[in-house]
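Asker: 3D model of this:
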Amino acid sequence: MALPMLRCRRSISTSGRSTHRFRQDRSRSAFGHPTLFNTQTLATSGGAAFPVGLPAAKSLNMDFPLTVDVTESASLYAGVSGSSTSFGSAGFSSFQITSWNIGFQADLYEQNGGTFPTVTLQSTITKSIPDGPLSTTSFNNILEFDYALDSDETRGFLGGFQYTRTDVDGALGRINPNTIAYVGGYYQWPNNWKFTGRVGVQSFEGAQLLNLASIQPFAQPIVRIDLDRVDDNDNRLFGVTAEIMWVPKPAYQLTFRTPLYAVKN
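Answerer: Predicted coordinates:
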């Protein structure tokens, strides 16, 4: 998957490395698309029951977020997403814009060399399009704790929770909440390459589309690895993310990020 981004921010002149920590993309959750499906997936996957997890599928997704850094610790973002999906041996569907999203990310508390970790809240609302009896609205919230081990905040530990609630606009289906608890860490080399790893457990409470298709609840591992190239002010120049989630069989997700910056002096 490719993820072009446009970020608007104020210009900050510094000498040497910035002490402001590198923050994740505001338009993306800590663990991507948490359940990898919605009511459209259930409806188009053959009307079968999936007592052991999700149907076999391949998907190409593109996200086009716009992020505005309101302050050094708070950002607003909005964007649209599109996808093309293939189930089983069928070919890929035509690429379509499938959703829009809006949200914010803010540091509720900053460590700044202290003993208590930085606390970050991210909240996103995503609405599927077009409207219809199977369209959905999801509410994704992440609370993450970042404990830096040095003053430059180039290495440290992470921990957090991600909670996703999805409402089906019509009465034809039901998607129950999805919760992820995770721990991890990060390390940034002097050449400005940064590695971040997270591992956790995803607990999904199941889904139902009338009497046609269902997915039973499960609790399975989930892993995410990020490799990013950043500048001296910790702005991402390029990034790649690999994610594996068991649903309960393994599902793989690969994301490329190519941000574009609009700078206001």
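
Asker: So which bits of stretch 71-85 are buried?
Answerer: 73, 75, 76, 77, 78, 79, 81, 83, 84, 85 (16 or more other Cβ atoms under 10 Å). Backbone N, C-alpha and C define where each C-beta goes, glycine included.

Asker: Ramachandran coordinates for residue 64?
Answerer: Per-residue torsions, residue 64: phi -130, psi 80 (degrees, to the nearest 10).

Asker: wait, isn't it in contact with residue 78?
Answerer: No - in terms of Cβ atoms under 8 Å, residue 64 does not count as a neighbour of residue 78; the distance is 9.9 Å.

Asker: can you pull out the strands in the stretch 51-200 of the chain?
Answerer: Using DSSP state E, counting those that start in this stretch, the strands assigned to the stretch 51-200 of the chain run over residues 57-69, 74-87, 96-109, 118-128, 136-148, 155-168, 173-175, 178-188, 193-204.

Asker: Go through the ones you listed and name the closest to residue 257.
Answerer: Residue 257 lies closest to strand 57-69 among the strands of the stretch 51-200 of the chain, at 9.2 Å (Cβ to Cβ).

Asker: Let me see the mean pLDDT of stretch 106-113.
Answerer: The average pLDDT within stretch 106-113 is 94.

Asker: Quick one: low-confidence residue ranges for the protein.
Answerer: 1-57, 88, 211-213, 262-265 (pLDDT under 70).

Asker: mind redoing it with 80?
Answerer: Low-confidence segments of the chain (pLDDT under 80): 1-59, 86-90, 132-134, 170-172, 209-215, 233-235, 247-248, 259-265.

Asker: Can you tell me the closest non-neighbouring residue to residue 198?
Answerer: Nearest residue to residue 198, sequence neighbours excluded (Cβ to Cβ, 6 or more residues apart in numbering): residue 184, at 3.5 Å.

Asker: how much space between the one you found and residue 205?
Answerer: 24 Å (Cβ to Cβ, to the nearest Å).

Asker: For the two, indicate the residue with more neighbours.
Answerer: residue 184 (21 against 16; other Cβ atoms under 10 Å).

Asker: Test my guess that that one contacts residue 196.
Answerer: Yes - with contacts defined as Cβ under 8 Å, residue 184 counts as touching residue 196 at a distance of 6.7 Å.

Asker: So for the two, which residues contact both of them?
Answerer: residue 158 (Cβ atoms under 8 Å, 6 or more residues apart in numbering).

Asker: List the contacts of residue 109.
Answerer: Counted by Cβ under 8 Å, 6+ apart, residue 109 has contacts 116, 118, 119.

Asker: Can I get these in a markdown table including distance to residue 94 and neighbour count?
Answerer: A markdown table is the format used below for the contacts of residue 109 (distance: Cβ to Cβ, whole Å; neighbours: other Cβ atoms under 10 Å):
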| residue | distance to residue 94 | neighbour count |
| --- | --- | --- |
| 116 | 50 | 11 |
| 118 | 43 | 22 |
| 119 | 43 | 16 |
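
Asker: Which member of those residues is positioned nearest residue 228?
Answerer: Using Cβ to Cβ, the contacts of residue 109 come closest to residue 228 at residue 118, 17.8 Å.

Asker: any idea how far that closest one is from residue 220?
Answerer: 29 Å.

Asker: With residue 249 instead?
Answerer: On the measure of Cβ to Cβ, residue 249 and residue 220 end up 9 Å apart.

Asker: Name the residue in those two with the higher neighbour count.
Answerer: residue 220 (16 against 11).

Asker: Could you check how far residue 231 is from residue 180?
Answerer: 30 Å.

Asker: more crowded one of these two?
Answerer: Shown here are residue 231 and residue 180; by other Cβ under 10 Å, residue 180 has more neighbours (23 against 13).

Asker: The closest residue in space to the more buried one that isn't next to it in sequence: how many residues sit nearby?
Answerer: Counting by Cβ to Cβ, 6+ apart, residue 162 is the residue found nearest to residue 180 once chain neighbours are left out, at 4.2 Å. For residue 162, the count of nearby residues is 24 (other Cβ under 10 Å).
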